Every structure is written in structure tokens, then in C-alpha cells.
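Novice: Coordinates only, no sequence provided:
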């Protein structure tokens with residue numbers, strides 16, 4: 001690769017996320033990536049190659065592959081292609097999180113950028129699961145991916161974004177862990193940053209959640225979803241929400 005072409009490559013979205021790496025490990029952005037089993041297997045092999053010395057190098061390789069594939073996804077009639085594509089997404093998510101943890105103490109901005117890429121790939125994964133209309137596939141992958149999405153959004157203080165995505169997840173069961181994440185987002189609804197309501201006394205939290213219209217609406221939605229939950233963990237979910245969130249009462253300032 002010539003110096004001018006290398007500079008062009010480094011101007012792309014992904015380049016700012018990586019540190020220098022061996023030249024042999026740079027060839028991940030091939031325009032010829034396809035969603036066939038063979039191509040996806042080769043992409044995954046390159047991402048995991050030992051020529052990548054750090055998780056951030058593996059992450060950059062994964063981002064380049066994902067970006068090269070773009071909106072294409074394998075046809076559901078090719079079970080092997082679907083398996084490898086999901087493996088590719090999960091590999092990419094794993095190395096994005098590992099890279100974020102790798103730079104956590106040295107560069108908070110870079111950590112946030114890796115987490116943003118993880119979020120985008122988890123959203124892509126979730127959309128793919130829904131579009132597949134394969135209930136068995138959804139049942140095996142949806143909950144864990146949604147939990148990871150909540151973790152990444154909590155670490156980047158995106159409470160409102162998680163709340164909106166949870167609202168749009170109707171028809172898909174959420175786990176206790178995801179309800180706990182959603183509950184923390186709603187407790188911070190005056191700022192939607194997850195942390196604003198963590199240590200607030202329940203007595204002080206009630207006026208915000210019950211009197212602020214947007215907060216009250218969010219409170220109503222999460223409780224309604226919990227009541228409609230059909231999983232075996234429903235009792236635990238309802239118990240957690242009842243402990244950390246007020247019951248639906250009139251605004252205390254009106255009493």
C-alpha cells in the first residue's frame with residue numbers, strides 16, 4: 001500500500017480507532033467480501049489472526065469487514081451462511097468491547113468510540129434477528145444481545161436511547177437484567193444518563209417520576225410491560241421494579 005492510499009484509508013471512519021499494527025494485518029477492508037459461507041469464514045479468520053497483536057487491532061479489522069459488507073445479509077435459506085454471519089457479528093462485538101476495556105484507563109474518548117461501534121453492531125444484530133423471522137434464532141440470541149446493548153448504552157450514559165429502543169422491542173421478551181438497566185435509565189429520566197437517579201432517595205425521586213409527564217409516561221410503560229411479561233422470571237421482575245420504582249399514584253405535589 002502506497003503512502004497516499006494509506007492516508008486515504010486512515011481518513012475513513014474506522015481508522016481513528018486503531019493503533020499501528022503489522023502491515024500483514026491491514027488487509028481487512030477488501031471490497032470483495034460476500035455473505036457466502038466461505039467469504040464469511042475467511043473474514044472471521046482474518047479478524048482473529050495472530051498478526052493482530054492487540055484486541056483493538058482485531059476490532060479495527062472487524063469494523064472494516066462489517067463496513068465492507070454494509071447492509072447486505074445472508075439469505076436465510078443458507079443455514080451455514082447465517083451461522084457464519086452471526087458469528088462475524090458476535091466476533092466484532094466481542095473485540096469492540098475488549099478494545100474499549102483495553103484503552104479504558106488511557107483514553108476515555110477512544111473507549112467511548114469503541115463502545116459506540118459495539119452499540120451500532122448490536123443494533124445491526126438485533127435488526128437482523130427480527131428480519132430473519134426465525135423464531136428459534138431469535139429465542140437463542142435476542143436476550144443476550146439486548147443485555148449487552150444495555151451495558152454499552154449504560155457505560156456511554158445513553159439512558160434515553162436505551163429507553164426508546166426498549167419501547168420498540170415489543171413482541172420480544174426482556175430479561176431481568178435488561179429490566180434492571182431500563183429501570184436505572186428511567187430513574188435518571190430528568191437527565192437520562194443512568195447515574196442521576198442511582199443514589200437519589202426514593203422520597204426525593206417520587207415527585208420527578210410521578211409529576212414530570214415524560215417520566216411518568218416512561219414509568220407507566222415499563223410497569224405495563226412487566227405486567228405483560230410471560231416468562232418464568234416475571235415475579236422477580238415485578239418485585240425489582242416495585243422496589244426501585246414508585247407505584248402509579250397521583251402526583252405527590254398535587255396532594
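Specialist: Nice, I can see it. What you are looking at is a predicted structure, and each value in this text was computed from that prediction instead of being measured.

Novice: ok, residue 50 - contacts?
Specialist: By C-beta atoms under 8 Å, 6 or more residues apart in numbering, the contact list for residue 50 is empty. C-beta: built from backbone N, CA, C; applies to glycine.

Novice: any idea how far it is from residue 119?
Specialist: According to C-beta to C-beta, to the nearest Å, residue 50 stands 28 Å off from residue 119.

Novice: Then residue 140?
Specialist: Applying C-beta to C-beta to residue 140 and residue 119 gives a distance of 21 Å.

Novice: Those two: which is more packed in?
Specialist: Each of residue 140 and residue 119 has its neighbours counted (other C-beta atoms under 10 Å); residue 119 has more, 23 against 12.

Novice: Give the closest residue to the residue most central in space within the chain in space, chain neighbours not counted.
Specialist: In the chain, the centroid-proximal residue (C-alpha atoms, centre = their mean) is residue 149; its distance is 2.6 Å. Ranked by C-beta to C-beta, 6 or more residues apart in numbering and with sequence neighbours excluded, the top spatial neighbour of residue 149 is residue 122, at 4.3 Å.

Novice: Centre of the chain to the helix or strand where that neighbour lies, how far?
Specialist: Using DSSP states H and E, residue 122 sits in helix 108-132. Chain-centre distance of helix 108-132: 5 Å, with C-alpha atoms, centre = their mean, to the nearest Å.

Novice: Which other helices and strands does that helix contact?
Specialist: Where contact means 3 or more C-beta pairs under 8 Å, 6 or more residues apart in numbering; DSSP states H and E, helix 108-132 is packed against helix 55-69, helix 79-103, helix 135-155.

Novice: Can you spell out which helices and strands pack onto the second one?
Specialist: The contact analysis (3+ C-beta pairs under 8 Å, 6+ apart) places helix 79-103 against helix 37-47, helix 55-69, helix 108-132, helix 135-155.

Novice: now, of these, which is deepest in the fold?
Specialist: Greatest average neighbour count among the helices and strands packed on helix 79-103 goes to helix 55-69 (a mean of 24), per mean count of other C-beta atoms under 10 Å.

Novice: average pLDDT for that one?
Specialist: For helix 55-69, the mean per-residue pLDDT is 94.

Novice: For that helix, which helices and strands make contact with it?
Specialist: Going by 3+ C-beta pairs under 8 Å, 6+ apart, helix 55-69 lies up against helix 37-47, helix 79-103, helix 108-132.

Novice: Next, format those helices as TSV and append mean pLDDT.
Specialist: Conversion of these to TSV gives the following (pLDDT from 0 to 100):
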stretch	mean pLDDT
helix 37-47	95
helix 79-103	96
helix 108-132	95
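
Novice: got a markdown table for those, with distance to residue 253 too?
Specialist: Conversion of the helices and strands packed on helix 55-69 to a markdown table gives the following (distance: least, C-beta to C-beta, whole Å):
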| stretch | distance to residue 253 |
| --- | --- |
| helix 37-47 | 55 |
| helix 79-103 | 41 |
| helix 108-132 | 36 |
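
Novice: Any idea which of those gets closest to residue 158?
Specialist: helix 108-132 (7.7 Å; C-beta to C-beta).

Novice: what comes into contact with the closest one?
Specialist: With contact meaning C-beta under 8 Å, 6+ apart, helix 108-132 is reached by 16-17, 56, 59, 63, 66, 73, 76, 82, 85-86, 89-90, 92-93, 96-97, 99-100, 103-104, 137-138, 141-142, 145-146, 148-149, 152-153, 155-156, 158, 165, 172.

Novice: export the helices and strands packed on helix 79-103 to CSV and tack on distance to residue 208?
Specialist: What follows is those, written out as CSV (distance: least, C-beta to C-beta, whole Å):
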stretch, distance to residue 208
helix 37-47, 45
helix 55-69, 38
helix 108-132, 27
helix 135-155, 19
